[in-house]
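Trainee: this one's structure only:
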């Protein structure tokens, strides 16, 4: 009985931590999209002009 309760608690803790990790990663991705859109300069763009 105690072993199953500990396993359930461990699984729930793992699920909560994984959701927090995914949420923080997605918020980091949103912050990255707000920055400069093109860091690398496209040299072909300037050669055509």
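Mentor: All right, it came through fine. This is a predicted model, so every value here is computed, not measured.
Trainee: List the buried residues for whichever strand or helix holds residue 11?
Mentor: In this assignment (DSSP states H and E), residue 11 forms part of helix 2-34. Using 16 or more other Cβ atoms under 10 Å as the burial criterion, none of the residues of helix 2-34 qualify. Just so you know, the C-beta spots here come from the backbone N, C-alpha and C atoms, and that holds for glycine as well.
Trainee: I'd like to know which elements that helix is packed against.
Mentor: Judged by 3 or more Cβ pairs under 8 Å, 6 or more residues apart in numbering; DSSP states H and E, helix 2-34 is in contact with no other helix or strand.
Trainee: any idea of the mean pLDDT for that helix?
Mentor: Taken as a whole, helix 2-34 has a mean pLDDT of 94.
Trainee: Begin at 14, not 1, for the rest of this chat.
Mentor: I'll keep to 14 as the first residue from here, and by that count the last item is helix 15-47.
Trainee: and the gap between residue 40 and residue 19?
Mentor: Taking Cβ to Cβ, to the nearest Å as the measure, residue 40 falls 32 Å from residue 19.
Trainee: can you check residue 33 too?
Mentor: Distance from residue 33 to residue 19, by Cβ to Cβ: 21 Å.
Trainee: just residue 38 next, same as before
Mentor: According to Cβ to Cβ, residue 38 stands 29 Å off from residue 19.
Trainee: can you check residue 45 too?
Mentor: On the measure of Cβ to Cβ, residue 45 and residue 19 end up 39 Å apart.
Trainee: what does residue 26 give?
Mentor: Relative to residue 19, and taking Cβ to Cβ, residue 26 is found at 10 Å.
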